[in-house]
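Novice: Model the following, please.
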Amino acid sequence: MSSRIRVVVAKPGLDGHDRGAKVVARALRDAGMEVVYTGLHQTPEQIVETAIQEDADAVGLSVLSGAHMTLFRRVLELLAERDARDIVVFGGGIIPNGDIPELEKLGVAKIFTPGATTQAIVDWVRQNVAQPVS
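Specialist: All right, here's what the predicted structure looks like:
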């Protein structure tokens, strides 16, 4: 059996709305990926630790709290500190279009805004996250 793409889906920060994250996690799982959903109120440190422990290929962050610039930046910094820059970081939530170019400069591979379909997210992950070698 070939290895599957492994994705950690996480809710950093204090917002308590995780329906979207759960829908995305389920869509990725239904598409044949291995998914670890971390639950609510995760710190960037917890998310990076989980990604490394789970040998994740990607981390998907759902941010609705308005703290996206700080949270994405910190996750990327911690991945770099742990020599895990190969883990693709993407995300979504209530993120103003004007902030997306800055997030991309930081190293976020893709931001999905409200209205993105689960199929678009699945397709993007398949095309942009390296398939592990079995």
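
Novice: hey, which helix is longest across this protein?
Specialist: The longest helix of the chain (DSSP state H) is helix 68-81.

Novice: I'd like the average pLDDT over it.
Specialist: Average pLDDT, helix 68-81: 97.

Novice: for this structure, which spans come out with low pLDDT?
Specialist: Applying pLDDT under 70 to the chain flags residues 1-2, 132-134.

Novice: mind listing the strands for it?
Specialist: When secondary structure is read from DSSP state E, the chain shows strands at 6-10, 34-37, 58-63, 88-93, 110-112.

Novice: residues touching the residue nearest to residue 104 when sequence neighbours are not counted, list them.
Specialist: Nearest non-adjacent residue to residue 104, counting by C-beta to C-beta, 6 or more residues apart in numbering: residue 111, 7.7 Å away. All C-beta spots, glycine's among them, are computed from the backbone N, C-alpha and C. Listed by C-beta atoms under 8 Å, 6 or more residues apart in numbering, the contact set of residue 111 reads 90-92, 95, 100, 103-104.

Novice: Now, of those, which are buried?
Specialist: With neighbours counted by 16 or more other C-beta atoms under 10 Å, the contacts of residue 111 contain buried members at 90-92, 95, 103.

Novice: And those, which is closest to residue 43?
Specialist: Closest approach between the buried ones among the contacts of residue 111 and residue 43, by C-beta to C-beta: residue 91, at 15.6 Å.

Novice: Sounds good, over and out.
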